[in-house]
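Colleague: fold the following, please.
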Amino acid sequence: MPKLTIDGREIEVADGLTVLQACELAGVEIPRFCYHERLSVAGNCRMCLVEMERSPKPVASCAMPAGEGMVIRTDTPLVEKARKGVMEFLLINHPLDCPICDQGGECDLQDQAMAYGFDRSRFDENKRAVKEKYMGPLIKTIMTRCIHCTRCVRFATEVAGVEEIGALGRGEHLEISTLENAINSELSGNLVDVCPVGALTSRPYAFTARSWELRKTYSVDTLDAVGSNIRIDTRGREVMRVLPRLHEDVNEDWLADKSRYACDGLHSQRLDRPYVRKNGKLREASWEEAFGAIRDRLTGLAGDKIAALAGDQCDAESMLALKDLMASLKSTNLDCRQDGAKLDARSRAGYLFNTGIAGIEQADAILLVAANPRWEAPLLNARIRKRFLGGGLTVGSIGVPNDLSYPVYDLGSGPDVLAELAAGRGDFAKALSAAERPMVVLGMAGLARPDGGAVLDLARQVAETFKMVREGWNGFNVLHTAAARVAGLDLGFVPGSGGRDTDGILKGAADGEIEALYLLGADEIDMSRLGEMAFVIYQGHHGDAGAHRADVILPGAAYTEKNGTYTNTEGRVQLGRLATFPPGEAREDWTILRALSEVVGTRLPYDSLGALRQRLIAVNPVFAALDTIEPAPWGDFGAAGMLDSAPFGAAIDNYYMTDPISRASETMAKCSAELGLGPLTRATGTDG
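Modeller: Numbering: from 1, shown residues only. You can find the predicted model right below:
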């Protein structure tokens, strides 16, 4: 570990660090534009110049490895003059756009020009103008502002894995371009974050608000199961934008496009008051009328005639309240797996991403089974790409071939290939056997089939055959697509003794054996299977599929409008926080269930969020350990049975429209149409 002296202070740093990183560790701020902690070193902006003893000229600290005995000075007149000169060059062509620039108040160039720049310019040539470039519906470009730091080029190539941004021309004529094509990446919004000057800004957010007008709330994302840490920026009662928040073990600095840009769907097609169906039409009603209609229908109804389904974005508190309500009504017909996934709730290791998202960086062989992580979990896919770029990783896939942004061996498309691997046969078996830390990733497309239990059993056998589970390493992983799924399984929101699962509930509703069905944000089921006889109660925040079929609608809160607990695909318990209030008469979900329980005569025993969370911990202690991963003991799970030879399908057909919020988003509709995934249409509201 080299020792060097920085501004008269001796410091010891790890091998491989640069002078810039050493200065940061010593508490010295070094200005930079092209350098980014998660991208390769370009060394082309020269803003990070420092003085090094025995060097004839200032050195670029971002590209200079820290060496033994170096003497670095960052505050000398030479360094100050060099930085002012570099800033003067950078501003030669930069327009005076600060009053109208969306980066105003958050701009690295603005901040560093104030801190390190000169108060006048010696250049009086005309400024260069560059034509705006088209990069799709998410990125707005003002390329005259570009300082050619190439952060966007390096991000697209290295992190996103789409080589669609590059530089054309040389010198004064160099321009960053995509050749007028939309960026085909689920991570393209991060280009706005890495751009230090406002050349790339958010198109949906453009000219809507200033950073100092916004109230910032730290929360977690629920549009996939990664549990990305986010910052929700609001003005008044409106969510203006969603940005990533640093979490090294989950999403690092990045955020997926759907999580970032679907927030405009929070303003559309909202349910803001109760509805009751009368004479075939949904009519506005008071809370008393809605609760009264539910009470009248449930009174005298046997428990086996009542059922409940929880949706993909439910918080743990509301699912527990609904489970307790169903228990008080003596119903065991409940399920949180609305896609019909044959997950085994008996063993926690059987439904977690046991390796952990950060643990992907230790793997040297990955088997993807019926999974498309690029759409199902873009940030998890970025971790796999990051590990691939580190070298020594082999990836094989069973299922629909996809461009995952890294090389993948296509092993086949059906469960027969998985059965061969479970028996230790097949070409990829050699790679798994030779790997020190192999892992398998099982997707929902393999579990949401009639033979999903057998597929789960085979995946467990693969893990055991290739010794993926041992001290300090568990390579068996389930990749969820629903933010609520793991918490629901942890709470036991699955059929009790003699209870029906999702498929059984839908069949029972069609046959008349289920007379009352409670849908808690459940919109992804086939509503046509419910028939006409079942009394459907829908509690949710958007007028989506569930609301159209409902006989009573209870308006709930979206994830930005309530305090809730969520567990991501790796079993990490995190807290979502209220950033703004629900519209109209909508209320937080657990409070609706608590109020309803009193009306139907089975009062739930908690009157505050704190009391409900104590109940949550009593049901399962994992909810007490926030932001940690509790290793799950290995057990027996899955169900041996006949396998269907049909190929695995896809869990997601359109990345940009997977839930009520994104389906109500105009921005997501534009992305879907741009990439040819679907027509430019939006959901209609509730009838009546």
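Colleague: buried residues in stretch 463-479, which are they?
Modeller: Using 16 or more other CB atoms under 10 Å as the test for burial, stretch 463-479 gives 463, 465-466, 468, 473-479. Bear in mind the C-beta positions are built from the backbone N, C-alpha and C, glycine included.
Colleague: sorry, wrong one. I was asking about stretch 16-32.
Modeller: Using 16+ other CB under 10 Å as the test for burial, stretch 16-32 gives 17-24, 26, 28, 30-32.
Colleague: for stretch 601-619, measure first residue to last.
Modeller: For stretch 601-619, the first-to-last residue distance is 23 Å (CA to CA, to the nearest Å).
Colleague: I meant stretch 615-631, not that one.
Modeller: 22 Å.
Colleague: give me the mean pLDDT for it.
Modeller: Averaging pLDDT along stretch 615-631 gives 94.
Colleague: now the helices for the stretch 151-300 of the chain?
Modeller: Counting by DSSP state H, counting those that start in this stretch, the segments of the stretch 151-300 of the chain that form helices are 151-154, 190-194, 257-261, 287-298.
Colleague: same check on the stretch 401-550 of the chain?
Modeller: All helices of the stretch 401-550 of the chain, identified by DSSP H, counting those that start in this stretch, fall at 415-422, 427-434, 444-447, 452-465, 485-490, 502-511, 545-549.
Colleague: can you add mean pLDDT and distance to Y538 and give these back as JSON lines?
Modeller: What follows is the helices of the stretch 401-550 of the chain, written out as JSON lines (pLDDT from 0 to 100; distance: least, CB to CB, whole Å):
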{"stretch": "helix 415-422", "mean pLDDT": "94", "distance to Y538": "35"}
{"stretch": "helix 427-434", "mean pLDDT": "93", "distance to Y538": "45"}
{"stretch": "helix 444-447", "mean pLDDT": "96", "distance to Y538": "23"}
{"stretch": "helix 452-465", "mean pLDDT": "95", "distance to Y538": "26"}
{"stretch": "helix 485-490", "mean pLDDT": "97", "distance to Y538": "18"}
{"stretch": "helix 502-511", "mean pLDDT": "95", "distance to Y538": "13"}
{"stretch": "helix 545-549", "mean pLDDT": "94", "distance to Y538": "4"}
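Colleague: now these in CSV, with distance to G300?
Modeller: Formatted as CSV, the helices of the stretch 401-550 of the chain follow (distance: least, CB to CB, whole Å):
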stretch, distance to G300
helix 415-422, 46
helix 427-434, 58
helix 444-447, 38
helix 452-465, 36
helix 485-490, 29
helix 502-511, 18
helix 545-549, 24
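Colleague: list the contacts of R615.
Modeller: 320, 324, 605-606 (CB atoms under 8 Å, 6 or more residues apart in numbering).
Colleague: could you flag which of those residues are buried?
Modeller: Among these, those classed as buried by 16+ other CB under 10 Å are 320, 324, 606.
Colleague: from those residues, which is closest to D490?
Modeller: D490 lies nearest to L320 out of these, by CB to CB, at 10.0 Å.
Colleague: wait, that closest one sits on A618?
Modeller: No - between L320 and A618 there is no contact under CB atoms under 8 Å: 10.0 Å.
Colleague: K84 versus A290, what's the distance?
Modeller: As defined by CB to CB, to the nearest Å, A290 lies at a distance of 67 Å from K84.
Colleague: could you look up the SS state of I11?
Modeller: At I11, secondary structure determined by DSSP: H, G, I helix; E, B strand; the rest coil is strand.
Colleague: count of residues packed around it?
Modeller: I11 has 18 neighbours, counted by other CB atoms under 10 Å.
Colleague: from A209, how far out is it?
Modeller: 42 Å.
Colleague: how about L389?
Modeller: Using CB to CB, L389 is found at 37 Å from A209.
Colleague: what does stretch 619-631 contact?
Modeller: Residues contacting stretch 619-631 (CB under 8 Å, 6+ apart): 316, 320, 348, 354, 356, 474, 490-492, 565, 567, 570-575, 613, 616-617.
Colleague: repeat that with 7 Å
Modeller: 316, 320, 356, 490-491, 565, 570-575, 616-617 (CB atoms under 7 Å, 6 or more residues apart in numbering).
Colleague: Throw those residues into CSV and include distance to I505, thanks.
Modeller: Putting those into CSV (distance: CB to CB, whole Å) gives the following:
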residue, distance to I505
A316, 21
L320, 19
G356, 33
D490, 21
L491, 18
T565, 25
E570, 29
G571, 26
R572, 30
V573, 28
Q574, 29
L575, 30
L616, 24
I617, 29
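Colleague: which residues sit against stretch 398-411?
Modeller: 160-162, 368-374, 381, 384-385, 388, 395-397, 412-413, 417-418, 428, 445, 648-650.
Colleague: ok, the nearest residue to A377 once chain neighbours are set aside - contacts?
Modeller: Setting aside the residues directly before and after it, A377 is nearest to V226 in space (CB to CB, 6 or more residues apart in numbering), at 5.1 Å. Neighbouring residues of V226 by CB under 7 Å, 6+ apart: 250-251, 357, 377, 379-380, 568-569.
Colleague: now the two most distant members of the residues you listed.
Modeller: N251 and T569 (12.3 Å).
Colleague: now A307: phi and psi?
Modeller: phi -150, psi 160 (degrees, to the nearest 10).
Colleague: give me the spatial nearest neighbour of it, chain neighbours excluded.
Modeller: Closest to A307 by CB to CB, 6+ apart is N333, at 3.6 Å.
Colleague: low-confidence ranges, the stretch 1-150 of the chain, go.
Modeller: Within the stretch 1-150 of the chain, no stretch has pLDDT under 70.
Colleague: R245 reaches N229, doesn't it?
Modeller: Yes - using CB atoms under 7 Å, R245 makes contact with N229 at a distance of 4.1 Å.
Colleague: now the residue nearest to A377: how far from A345?
Modeller: 21 Å.
Colleague: for Q574, see how far away E53 is.
Modeller: E53 sits 48 Å away from Q574, going by CB to CB.
Colleague: neighbours around the residue lying closest to N568 once chain neighbours are set aside, how many?
Modeller: Leaving aside its sequence neighbours, N568 sits nearest to G227 (CB to CB, 6+ apart; 2.9 Å). If you count neighbours by other CB under 10 Å, G227 ends up with 28.
Colleague: so how far is the one helix or strand W375 maps to off the chain centroid?
Modeller: W375 is part of helix 373-376, with elements assigned from DSSP states H and E. Chain-centre distance of helix 373-376: 10 Å, with CA atoms, centre = their mean, to the nearest Å.
Colleague: can you pull out the residues in contact with that helix?
Modeller: For helix 373-376, using CB under 7 Å, 6+ apart, the contacting residues are 186, 224, 380-381, 384, 402, 404-405, 443, 479, 481, 651-652, 655.
Colleague: circling back: can you say which of the helices of the stretch 151-300 of the chain is packed in most?
Modeller: Mean neighbours per residue, mean count of other CB atoms under 10 Å, is largest over those for helix 257-261, with a mean of 26.
Colleague: neighbouring contacts of that helix?
Modeller: Residues contacting helix 257-261 (CB under 7 Å, 6+ apart): 138, 186-189, 204, 221, 223-224, 228, 230, 242, 655-656, 662, 667-668.
Colleague: how about stretch 105-119?
Modeller: Outside stretch 105-119, the residues within contact range by CB under 7 Å, 6+ apart are 31, 33, 47, 83-84, 87-88, 91, 98, 101, 104, 196-198, 210-212.
Colleague: next, the buried residues of that stretch.
Modeller: Buried residues in stretch 105-119, counted by 16+ other CB under 10 Å: 107-110, 112-113, 116-117.
Colleague: extract the C-alpha set from it and format it as PDB.
Modeller: The C-alpha trace of stretch 105-119 is given here as PDB (Å, rounded to 0.1, in the frame of the first residue of the first chain):
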ATOM      1  CA  GLY A 105     -28.900  24.600  -9.400                       C
ATOM      2  CA  GLU A 106     -27.700  21.000  -9.900                       C
ATOM      3  CA  CYS A 107     -25.000  21.600 -12.500                       C
ATOM      4  CA  ASP A 108     -21.400  20.600 -12.000                       C
ATOM      5  CA  LEU A 109     -20.200  23.100 -14.500                       C
ATOM      6  CA  GLN A 110     -22.100  25.900 -12.800                       C
ATOM      7  CA  ASP A 111     -20.700  25.000  -9.400                       C
ATOM      8  CA  GLN A 112     -17.100  24.500 -10.500                       C
ATOM      9  CA  ALA A 113     -17.100  27.600 -12.600                       C
ATOM     10  CA  MET A 114     -18.000  29.500  -9.400                       C
ATOM     11  CA  ALA A 115     -15.500  27.700  -7.300                       C
ATOM     12  CA  TYR A 116     -12.500  27.400  -9.600                       C
ATOM     13  CA  GLY A 117     -13.100  29.500 -12.600                       C
ATOM     14  CA  PHE A 118     -12.000  32.900 -13.800                       C
ATOM     15  CA  ASP A 119     -14.200  36.000 -13.700                       C
END
